[in-house]
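J.: no sequence for this one, just the structure:
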C-alpha cells in the first residue's frame, strides 16, 4: 500500500481556496496546487521532515521539538 499524506493549510490558504472554489477559477486553482499543496508535499518528502504545529505540546517524541518544522511555513 502507498503512503498516506497529511498536511495542513493556514487560514489565509483556506480563504484563498474558498475563493477559488466559489469563483470556479481554474487558473488560480492550478496556481494554488503548484504554489501551496505541491510545495508542502515536496517538503514532506525530504529526509527527516516532520510537520506539526510547534505551539502545541507533543507527547513521546523521539527528538526535540525545536528541530521540527512549523506547518504552513513556506514563505
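T.: Looks like it came in fine. Nothing here was measured: the structure is a model prediction, and the numbers come from that model.

J.: how about the helices in the protein?
T.: Secondary structure of the chain, counting by DSSP state H: helices at 11-23, 26-32, 39-45.

J.: Tell me, how many residues neighbour residue 36?
T.: 19 (other Cβ atoms under 10 Å). Placement of C-beta: from N, CA and C, glycine included.

J.: per-residue confidence for it?
T.: What the model reports for residue 36 is a pLDDT of 92.

J.: Low-confidence stretches in this protein?
T.: 1-5, 47-75 (pLDDT under 70).

J.: on that earlier part again, let me have the helices of the chain in a markdown table, adding mean neighbour count as columns.
T.: Shown next, in a markdown table, are those (neighbours: other Cβ atoms under 10 Å):
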| stretch | mean neighbour count |
| --- | --- |
| helix 11-23 | 12 |
| helix 26-32 | 13 |
| helix 39-45 | 14 |
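
J.: Please tell me how far the closest residue to residue 28 other than its chain neighbours sits from residue 45.
T.: Residue nearest to residue 28 in three dimensions, not counting chain neighbours: residue 20, with 4.8 Å by Cβ to Cβ, 6 or more residues apart in numbering. Relative to residue 45, residue 20 is positioned 25 Å away (Cβ to Cβ, to the nearest Å).
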